[in-house]
Structure formats: structure tokens, C-alpha cells
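Dropping the sequence and predicted coords here.
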Amino acid sequence: MSFDNINKTWNPIRFFLITFSLSILNHGSSQAQTEMPVILPIKERSELIDYWLEIRLDTVLPELMRREGIDMWVVLAREYNEDPVIRTMLPAKWMSARRRTILVMYDPGQGKKIERLAVARYDIGQFFKRAWDKEKQPDQWKRLAELIAEKDPKKITINWSTTFALADGISHSEFERFRDTLPEKYERRLVSGERLAIGWLERRIPEEMQVYPAICRIAHRIIAEGLSDGVIQPGVTTTADVEWWYLERIAGLKLKTWFHPSVSVQRAEAPEKSSSFASRPKPTIIMPGDLIHVDFGITYLRLNTDTQQHAYVLKPGEAEAPAGLQDALKTGNRLQDILTFNFKTGRTGNEILKATLAQAKSENIKASIYTHPIGFHGHAAGPTIGLWDQQGGVPGRGDYALFPNTAHSIELNATVAIPEWDGEEVRIKLEEDALFTGDDVWYIDGRQTKLILIPRVD
């Protein structure tokens with residue numbers, strides 16, 4: 001299938017069949033609950049990414065530019081030094097910017113379509129039309145200045161921010177060149193593109209959300225495979241062995257991860273004492289009676305997952321985990337509920353954090369919240385809701401407000417005393433990806449409510 005003209009060549013029926021096959025496993029037989037969802041061939045991944053990009057540029061871009069009162073947005077980067085935003089605007093076949101790539105998005109007003117131009121040697125796929133003829137104007141920067149003067153924007157923005165790294169994509173040298181290029185009167189019209197960049201990155205569209213559940217389900221399936229006696233032999237297998245197994249499994253599925261998986265254990269004779277997340281736990285041989293923790297994420301179709309779950313290694317004669325550990329997981333689930341209940345449009349990350357911790361305290365839950373957005377990046381654009389070492393609020397990133405149709409990794413932990421472990425405490429560290437619709441929060445592929453058992457019990 002060629003995507004030279006995506007709107008004419010993309011078959012909606014085919015798209016339905018793809019998304020249906022990706023989602024139907026969630027509602028099928030018990031066997032389907034353990035099968036791997038469909039993973040598209042590389043070519044079809046490219047087609048789907050470009051299909052989504054066309055929709056985003058036609059719908060999300062004009063809405064956000066008008067919301068923020070911006071009539072010209074310039075995004076620029078040099079090859080292999082890409083602005084995080086530009087990477088989400090390039091066609092799937094473009095692995096990076098080429099030479100210097102300059103995208104110009106201009107809103108002519110009166111409800112007209114956003115003009116999408118490229119001050120570059122090439123069209124950027126079918127998404128941005130080439131607006132520079134080097135034979136007529138040899139200087140790329142002067143052509144950009146001409147284009148700005150032609151359009152005469154009232155407010156022009158580029159991606160710089162002291163708060164959000166993802167909105168600070170312009171390099172120092174490119175910023176200097178851009179500012180020197182601007183006609184003097186436009187310097188006074190230049191503003192930070194922080195909110196526009198964050199808005200673009202954080203917004204999820206319905207078409208993405210048709211497929212995101214399958215992406216999260218793939219991650220859940222891989223986690224479950226690793227937390228099984230097919231991978232773990234108690235008394236032999238180390239936590240590091242499982243981490244490397246996960247990396248091999250991801251590569252075998254032609255997927256990627258955005259961080260090295262983490263596997264650790266808590267046990268009755270050596271419970272987790274430290275409150276610091278500053279260092280990775282040392283490799284440990286997994287033993288019967290261990291509570292295993294996994295932190296795991298994949299990247300697929302330009303979208304990311306971030307998941308933390310727990311498994312219990314059965315001792316001889318056990319058919320289930322100790323009741324205290326099962327109750328501890330329920331406490332972690334309750335903390336998730338408290339947090340997501342406090343998701344309200346317009347609330348800042350710091351306001352959500354404060355309300356959640358206060359409510360958890362009132363319910364005698366020892367809580368720590370460190371939730372972040374998820375999407376085009378693992379630690380993605382949007383409001384930060386606590387950091388593990390900043391439970392009093394996060395200046396700047398925590399002051400950003402919550403918007404609808406944004407995805408978040410509900411990441412937290414609850415510290416709970418376990419009666420069967422002589423009152424020793426464990427930390428139930430959970431993380432599940434969820435969508436905030438504006439009205440409620442729903443987990444994209446559900447959440448863990450029962451401990452995974454090794455080995456499985458029929």
C-alpha cells in the first residue's frame with residue numbers, strides 16, 4: 001500500500017479489521033487471555049503511524065494552536081539532534097530530520113485550514129509542503145524570514161522551556177540563528193511554545209486509543225511470561241536473569257523498550273527497608289516465598305507503556321500467597337482508586353498529589369505517589385503528580401494542569417505490614433497506564449488485582 005495520498009488509499013474497513021483483531025483477544029476465551037495480541041508487520045506499522053499523524057495534524061494541531069492563541073509555530077532541528085516534537089511530526093519512514101529540517105505551521109484564521117510548510121529541500125512526506133527553492137534563495141534562513149514576513153503572524157512560537165525538557169527542543173545555536181533571522185518587529189511577537197508543544201505531545205486521539213489497549217496488553221503478556229516457571233527456577237534463576245530474558249523477548253517480537261527492565265524481590269527475612277529509588281537492587285537468586293516486583297515498558301507504534309506488577313513464588317504445599325500479601329495488594333489498589341478519583345480537568349499535578357496524600361492518610365495508608373504522563377515518551381508530556389523524592393509537590397512540572405484525553409502511568413506505592421512476616425513491612429509498588437477522558441479514568445488494559453503465582457495454580 002502506498003501512502004502518497006493517505007486519505008485516498010487508506011481503507012477504513014482494513015483499519016477496522018486491524019484494530020478489531022488487536023482488541024478482540026480481550027473478550028475471547030480463557031485461552032485468549034494468555035495469547036499474544038497481534039503485532040503488526042513493519043510495513044503496516046508504518047502505514048498506521050502515518051494514518052494517525054494525518055489525523056493529528058488535521059484535528060489536534062488547529063485546536064491547540066487556537067486554544068493557545070498561536071498563529072505560527074516553527075519547529076526546527078538538525079539531523080541527529082532532533083527536537084522531541086519534530087520526531088512525532090515526521091513520517092514513519094523518516095528516522096530523523098534531514099540536514100536542517102524546519103517545519104512551519106500557520107493559521108490564516110477565519111476557520112481556514114492550517115498551512116503546513118517545510119523550509120527544507122524536500123516535501124516532508126504528504127504532511128508538509130516544501131516552501132524553499134534553493135536555486136531561487138540559496139540561504140535557508142533567509143527563506144524562513146521571507147516566509148514569516150509573507151504570513152505576518154501576530155504571535156510566533158518556537159520550542160523553548162525552562163520547565164519541560166520535551167518542550168525545550170531548540171538547540172542554543174539554532175535559537176541564536178533563528179533570532180538573528182527574524183525581522184525586528186517579529187522579535188516582539190516571539191513567545192515560548194511550551195504549552196503548545198506539551199499539548200501536542202500529551203493529546204491522545206480516538207484512533208490511537210483503539211489500539212493502545214493492545215499495546216498495553218502485549219506488555220502485560222510479556223510480564224506474565226517472565227513471571228512464570230517457564231522462565232524462573234526458584235533457587236537458580238536470579239533477578240538479573242529475568243531482566244535479560246525480558247530484553248531478549250522484546251527483541252524477538254521486533255519491539256523496543258525505552259528503559260532496562262527492573263526485577264527485585266522482597267522476602268520475610270529481608271524486607272525492603274530503603275525508601276530510596278536512587279540505585280538498582282543487586283541481582284538476587286529468586287526463592288520460594290519471595291514477593292517479586294517487575295518494572296517494565298515497551299515502545300510500539302510510537303507509543304509507550306510503563307507497568308509495575310508483583311508475583312509471589314509459592315512455597316511447597318502452598319496454593320496461594322499469604323493473606324497478608326493479598327491484602328497488601330488490595331491496599332495498593334485502594335490507593336490507585338484514591339489517586340484517580342482526584343483526577344479533575346484543570347487541577348494541577350501538585351493539587352492532585354496533595355489531595356491524594358491527604359485522603360490516603362485519613363484511611364491510614366502509608367502512601368507515596370509519583371505518577372507521570374505516558375504516550376509518545378515514557379516519562380511523557382503533561383503534569384507531574386509527585387516524584388518519589390518530592391512528596392510535597394514538584395515546582396513547575398507539577399503546576400501544569402490536567403487536560404482531557406491524556407494518558408498517565410498511575411505509579412505509586414503503599415507500605416503495608418504483613419502479619420505472616422512478623423509485622424515486617426513491604427512496599428506494594430504498582431504502575432498501570434490509564435486514560436483520563438475528562439469525565440473519568442480507565443485503565444487502558446486493566447490493572448493487577450491479584451498476585452501472579454509462580455508456578456500457576458489451576
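In hand now; what should we look at? Numbers count the residues shown, from 1 in each chain.

How much space separates F376 from W52?
Distance of F376 to W52, computed by Cβ to Cβ, to the nearest Å: 11 Å. Using the backbone N, CA and C atoms, a C-beta is placed for each residue, glycine as well.

More neighbours: which of those two?
More crowded of F376 and W52, by other Cβ atoms under 10 Å: F376, with 22 against 18.

And G346, which helix or strand is it part of?
Using DSSP states H and E, G346 sits within no helix or strand.

Of all the residues in whichever strand or helix holds L329, which ones are buried?
Element membership of L329 [criterion: DSSP H and E] is helix 323-341. For helix 323-341, the neighbour count (16 or more other Cβ atoms under 10 Å) marks G324, L325, A328, L329, T331, G332, N333, L335, Q336, I338, L339, T340 as buried.

So which residues of the stretch 51-200 of the chain form helices?
For the stretch 51-200 of the chain, the helices defined by DSSP state H, counting those that start in this stretch cover 140-151, 172-181, 184-187, 194-202.

Ok, which of those comes nearest P455?
Set against P455 and scored by Cβ to Cβ, the helices of the stretch 51-200 of the chain come closest in helix 194-202, at 41.0 Å.

you'd agree E411 is up against R447?
No. Assessed by Cβ atoms under 8 Å, E411 is found out of contact with R447, at 11.8 Å.

Give me the more crowded residue out of the two.
Higher neighbour count among E411 and R447: E411, with 25 against 18, using other Cβ under 10 Å.

Does the more buried one fall in a helix, a strand, or a coil region?
For E411, the assignment made with DSSP: H, G, I helix; E, B strand; the rest coil gives strand.

Pull the number of nearby residues for E146.
Per other Cβ under 10 Å, the neighbour tally for E146 reads 17.

repeat for K93
As a burial measure, K93 scores 10 neighbours (other Cβ under 10 Å).

Not counting residues beside it along the chain, what's closest to it?
Excluding its sequence neighbours, the residue lying closest to K93 (Cβ to Cβ, 6 or more residues apart in numbering) is S46, at 6.3 Å.

May I have the beta-bridge partners of the spatially closest residue to P108 that is not a sequence neighbour?
Excluding its sequence neighbours, the residue lying closest to P108 (Cβ to Cβ, 6+ apart) is E115, at 6.6 Å. Beta-bridge pairing for E115 (DSSP bridges): Y106.

So for E115, what's the pLDDT?
The confidence metric pLDDT takes the value 97 at E115.

Please, where are all the strands along the stretch 251-400 of the chain?
Secondary structure of the stretch 251-400 of the chain (DSSP state E, counting those that start in this stretch): strands at 262-266, 291-296, 299-300, 303-304, 307-313, 366-369, 372-373.

Save these as a markdown table, and put in mean pLDDT, distance to G252 and mean neighbour count too.
As requested, the strands of the stretch 251-400 of the chain are exported to a markdown table (pLDDT from 0 to 100; distance: least, Cβ to Cβ, whole Å; neighbours: other Cβ atoms under 10 Å):
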| stretch | mean pLDDT | distance to G252 | mean neighbour count |
| --- | --- | --- | --- |
| strand 262-266 | 97 | 18 | 22 |
| strand 291-296 | 98 | 15 | 24 |
| strand 299-300 | 98 | 14 | 20 |
| strand 303-304 | 98 | 19 | 25 |
| strand 307-313 | 98 | 19 | 24 |
| strand 366-369 | 98 | 35 | 21 |
| strand 372-373 | 98 | 28 | 26 |
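
Columns distance to A355 on top of those, output as JSON lines?
Converted to JSON lines, those look like this (distance: least, Cβ to Cβ, whole Å):
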{"stretch": "strand 262-266", "distance to A355": "29"}
{"stretch": "strand 291-296", "distance to A355": "26"}
{"stretch": "strand 299-300", "distance to A355": "32"}
{"stretch": "strand 303-304", "distance to A355": "27"}
{"stretch": "strand 307-313", "distance to A355": "23"}
{"stretch": "strand 366-369", "distance to A355": "10"}
{"stretch": "strand 372-373", "distance to A355": "17"}
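
ok so, going back, around the residue nearest to P108, count how many other residues there are.
16.

Contact partners for W73?
By Cβ atoms under 8 Å, 6 or more residues apart in numbering, the contact set of W73 is M65, V104, M105, I156, T157, I158, G193, L196.

Model confidence for the residue of the chain positioned farthest from its centre, exactly?
Most distant from the centre of the chain: K136, at 42.6 Å, with distances by Cα atoms, centre = their mean. Looking at K136, its pLDDT reads 92.

measure it to A167 for me?
From K136 across to A167, the span is 34 Å (Cβ to Cβ).

ok so, going back, for the residue farthest from the centre of the chain, list the residues it contacts.
If you count contacts by Cβ under 8 Å, 6+ apart, K136 has none.

go with 10 Å
When contacts are counted by Cβ atoms under 10 Å, 6 or more residues apart in numbering, K136 touches R143.

Run through the protein and note the low-pLDDT ranges.
Applying pLDDT under 70 to the chain picks out residues 1-34, 270-279.

what's the domain layout of it?
Domains of the chain are assigned by automatic domain parsing as 6-200, 212-454.

Arrange these in a markdown table, one row each, with distance to P206 as further columns.
Formatted as a markdown table, those follow (distance: least, Cβ to Cβ, whole Å):
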| stretch | distance to P206 |
| --- | --- |
| domain 6-200 | 9 |
| domain 212-454 | 8 |
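
out of those, deepest packed?
Among those, ranked by average contacts under mean count of other Cβ atoms under 10 Å, first place goes to domain 212-454 (a mean of 19).

Just the terminal-to-terminal distance for it.
Using Cα to Cα, to the nearest Å, the end-to-end distance of domain 212-454 comes to 28 Å.

try stretch 305-323
Distance across stretch 305-323, first residue to last, is 30 Å (Cα to Cα).

hmm, back to that, can I get the helices of the stretch 51-200 of the chain in TSV with distance to L90?
What follows is those, written out as TSV (distance: least, Cβ to Cβ, whole Å):
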stretch	distance to L90
helix 140-151	18
helix 172-181	17
helix 184-187	26
helix 194-202	13
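
Out of those, the one nearest I215 is which?
helix 194-202 (16.9 Å).

Give me the nearest residue to Q309, chain neighbours excluded.
Q448 (4.8 Å).

can you check K330 too?
Spatial nearest neighbour of K330, chain neighbours left out: T449 (7.9 Å); criterion: Cβ to Cβ, 6+ apart.

ok but the one you found is inside a strand, no?
No. Per three-state DSSP, T449 lies outside any strand segment and is coil.

Isn't it up against D337?
No. With contact defined as Cβ atoms under 10 Å, T449 does not reach D337; the gap is 11.2 Å.

Now do the contacts for K354.
The neighbourhood of K354, defined by Cβ under 10 Å, 6+ apart, consists of N342, R347, T348, I369, I385, G386, Q391, G392, G393, G398.

and the gap between it and E63?
In this view, K354 and E63 are 30 Å apart by Cβ to Cβ.

thinking again about what came up before, mind listing what the residue nearest to P108 touches?
Here E115 is in contact with M72, V104, M105, Y106, D107, P108, F128, K129, A131, L147, K151 (Cβ under 10 Å, 6+ apart).
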